[in-house]
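Asker: Need coordinates for the following:
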Amino acid sequence: MKPAARAYHTFAFAWLAGKAAVLLINAVHFPRLHPQPTPEGGPRVSILIPARDEAPNLPHTLPGVLAQGAAEVIVLDDGSRDGTGDIAAALGARVVRGQPLPPGWFGKPWACQQLSVLASGDILIFTDADVTWHAGALGAVLHELTASGADLLSVQPRQDNRTPGERLLTPLVDAAVLSYFPYPVITLPQAAATIANGQVMAFRRAALERAGGYALVRRDLLEDTQLARRLKARGGRVASALGREAIGVRMYRSYPESVRGFSKNVLPIHLHSRPLLLLSAAAHLAVYMLPWLLPVLGRPVPGARALRVLGVLERTAVALIAGRRTPADLLEGLLGPITPLLALPVYLRAARRRVTWKGRTYPQAGAED
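Answerer: Residues are numbered from 1 along each chain as shown. Next comes the predicted model:
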């Protein structure tokens with residue numbers, strides 16, 4: 001075997017074996033929510049929903065949130081242009097009109113900051129408007145928050161993907177967590193060893209206020225993970241759980257929407273480094289596509305058959321751990337060889353100096369306001 005081929009062979013197998021090991025660890029250790037009744041006489045709970053242009057989602061998701069039995073549910077209408085506030089009020093939620101975005105703040109942190117001031121609960125649960133709360137979800141969150149002893153419990157909702165376009169990229173939000181971050185590492189006290197999902201964040205109010213609240217991440221596009229890290233750096237405990245049967249989400253409804261949504265977070269995930277972003281894209285193409293492409297071009301790849309099998313099984317394994325087990329969910333593994341190609345538009349958009357989301361444009365690393 002030539003040196004270059006040997007180097008590629010070693011790199012590709014090490015990459016896939018490392019991710020397989022992380023998946024195995026998370027299959028055993030990553031906590032899962034289990035629906036259960038909301039405990040009587042427990043802490044006062046506020047469920048808080050920052051909402052901007054969420055008219056298509058709220059009729060499907062808000063009734064489930066309102067049925068959980070929380071002391072209060074507040075929807076903050078963040079300057080919506082589609083009647084979001086009126087729809088939320090008609091469904092029975094308390095609706096508050098958000099204040100204009102002040103200089104120095106990004107949209108979601110500002111909305112969450114306002115909600116935290118308005119809320120009266122001892123437990124503050126921030127949840128996105130596209131998240132579905134099934135029966136017993138609040139009980140499950142409170143149980144896991146107590147069992148973990150955490151100051152912040154972040155939930156990874158189960159993906160609800162229905163159309164072929166949604167399936168191309170959206171499930172990768174699970175892969176990014178379950179195949180790269182072994183759960184025992186997430187629980188270490190080091191702040192850098194922390195991830196969080198802003199779709200559901202349940203805080204003990206005292207810990208959030210002691211840490212400084214959402215003002216800490218007023219200009220972060222990856223505000224969920226950054227807030228969790230800063231809370232942990234100030235002595236707080238952070239835990240995560242899979243939503244499974246309790247909490248789900250339908251994030252995006254098409255491939256273009258997935259590209260736009262993911263591209264706002266990809267550069268911060270790569271430490272705001274465009275060289276690291278480029279290296280990541282190249283590595284994924286090399287590991288998942290070359291074992292299929294090069295043999296077709298008459299360039300044999302050492303261990304190509306094994307690499308192909310491992311690459312296909314990875315997305316299927318992620319779906320199984322996340323609790324997505326319909327035949328269509330499991331067949332997403334067949335997308336493994338072309339997934340890096342499908343993700344290229346995400347990388348290209350993420351490399352821009354500015355990103356736009358829901359009508360607002362934010363500067364990225366290296367860009368001026």
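
Asker: Run through who's touching the helix or strand harbouring residue 239.
Answerer: Per DSSP states H and E: residue 239 is located in strand 238-242. The contact list for strand 238-242 (C-beta atoms under 8 Å, 6 or more residues apart in numbering) reads 30-33, 144-145, 148-156, 158, 177, 183, 186-187, 194-197, 228, 231-232, 321-323. Any C-beta I mention is one placed from the backbone N, CA and C, and that applies to glycine too.

Asker: Let me know the helix or strand that the nearest residue to residue 255 once chain neighbours are set aside is in.
Answerer: The shortest distance from residue 255 to any non-neighbouring residue, by C-beta to C-beta, 6 or more residues apart in numbering, is to residue 165 (4.2 Å). Per DSSP H and E, residue 165 falls inside helix 164-169.

Asker: Please write out the alpha-carbon positions of that helix in PDB.
Answerer: What follows is helix 164-169, C-alpha atoms only, in PDB (Å, rounded to 0.1, in the frame of the first residue of the first chain):
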ATOM      1  CA  PRO A 164     -37.900  13.600   1.600                       C
ATOM      2  CA  GLY A 165     -36.500  17.200   1.700                       C
ATOM      3  CA  GLU A 166     -36.600  17.300   5.500                       C
ATOM      4  CA  ARG A 167     -34.800  14.000   5.700                       C
ATOM      5  CA  LEU A 168     -31.700  15.100   3.700                       C
ATOM      6  CA  LEU A 169     -30.100  17.200   6.400                       C
END
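
Asker: Against which helices or strands is the following helix or strand past that helix packed?
Answerer: Where DSSP H and E defines the elements, the next helix or strand beyond helix 164-169 is helix 172-178. Applying 3 or more C-beta pairs under 8 Å, 6 or more residues apart in numbering; DSSP states H and E, one finds that helix 172-178 contacts helix 3-29, strand 152-156, helix 255-269, helix 304-322.

Asker: Next, the buried residues of helix 172-178.
Answerer: Neighbour counts using 16 or more other C-beta atoms under 10 Å place 172, 173, 174, 175, 176, 177, 178 of helix 172-178 among the buried residues.

Asker: Quick check: the third one touching residue 157?
Answerer: No: the criterion here is C-beta atoms under 8 Å, and residue 174 misses it with residue 157 at 9.6 Å.

Asker: which of the contacts of strand 238-242 are buried?
Answerer: Judged by 16+ other C-beta under 10 Å, buried ones among the contacts of strand 238-242: 30-33, 144-145, 148, 150-156, 158, 177, 183, 186-187, 194-197, 228, 231-232, 321-323.

Asker: Quickly compare the helices and strands packed on helix 172-178 and say which is most buried.
Answerer: strand 152-156 (a mean of 27; mean count of other C-beta atoms under 10 Å).

Asker: Pull the distance from the next helix or strand after that strand to the chain's centre.
Answerer: Once the chain leaves strand 152-156, the next helix or strand it forms, by DSSP H and E, is strand 158-159. Its chain's C-alpha centre and that of strand 158-159 lie 10 Å apart, by C-alpha atoms, centre = their mean, to the nearest Å.

Asker: Parallel or antiparallel, list what pairs with strand 158-159.
Answerer: Sheet pairing of strand 158-159 (DSSP bridges) gives strand 247-249 (parallel).

Asker: Please point out which parts of the partner strand sit buried.
Answerer: Neighbour-count burial for strand 247-249 flags 247, 248, 249 (criterion: 16+ other C-beta under 10 Å).

Asker: Closest one of those to residue 203?
Answerer: Nearest to residue 203 among the buried residues of strand 247-249 is residue 247, at 16.1 Å by C-beta to C-beta.

Asker: check contacts around that closest one.
Answerer: Counting by C-beta under 8 Å, 6+ apart, residue 247 has contacts 33, 131, 132, 133, 134, 137, 140, 141, 155, 157, 158, 200.

Asker: Please apply the same query to residue 311.
Answerer: 16, 287, 288, 291, 336, 337.
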